[in-house]
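Engineer: predicted coordinates and the sequence they were generated for:
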Amino acid sequence: MSEFSDTLDALGKARAARDDARGLLHRSRLRQLTLQREQKKADRKEIVGELGDNQEPEFYPDRSRELERERAQIKHDNELVRQRDGNVRELLDELFQRTPQRLIEEWDDTTPIMLLPLQIETRFKEAERQEQELWVRVFPDEIAINTHEELLMERDLAGLGETLRREPVGLGCAANEADELEHTATRER
């Protein structure tokens, strides 16, 4: 395996580890929100559920200790996310320190390359010492895409009806079935 492939593998693992840390942080924040809501209810002395006859009121429990633990967990998770973000950045920096020629040399031959169209504009501009400079501007051009539309257009439906009227035997249906198929296709739109 090349150094490039090793770096890409390490980058994939680092990104997965960072995403896991972000998931932990997100879950900790959700738990904190839940605990904060419950603590507000406990502070207001809200009663849990409905009271029946001759029942003592049950209040929301104090969640302040759990809330403090969750805040500490969030600080820890934030630090973990920062550390793993740093690991990803280091690997990206390592990847982009290579020249394009070196990257292509290290590239696995089984990896396909997709070349996209570019639009290039050139201009000659006068430089400081009455010299001509060639200025080149390169930006992405539109990509031609062939698509398949699931829904039939009106002209497609009209063509279908004409074909079915002309060649009903070849398609295995009678002429009145052709009208019915066209009507059904129009209704489905």
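Structural biologist: Good, I have the coordinates. Residues are numbered from 1 along each chain as shown.

Engineer: give me the low-pLDDT residue ranges for the chain?
Structural biologist: Scanning the chain for pLDDT under 70 picks out 1, 51-54, 144-153, 157, 167-189.

Engineer: same thing but at 80, please
Structural biologist: Residues of the chain meeting the criterion pLDDT under 80: 1-4, 48-55, 57, 103-104, 106-108, 111, 129-130, 143-189.

Engineer: how far does the longest helix anywhere in it sit from its chain's centre?
Structural biologist: Secondary structure of the chain per DSSP state H: the longest helix is helix 3-43. Relative to the centre of its chain, helix 3-43 is centred 17 Å away, using Cα atoms, centre = their mean, to the nearest Å.

Engineer: going on from that helix, what's the next piece of helix or strand?
Structural biologist: helix 64-96 (DSSP states H and E).

Engineer: and this protein, what are its domains?
Structural biologist: 3-106, 154-188 (automatic domain parsing).

Engineer: can I get those domains in CSV including mean neighbour count?
Structural biologist: Every residue, glycine included, has its C-beta placed from N, CA and C. As requested, these are exported to CSV (neighbours: other Cβ atoms under 10 Å):
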stretch, mean neighbour count
domain 3-106, 13
domain 154-188, 13
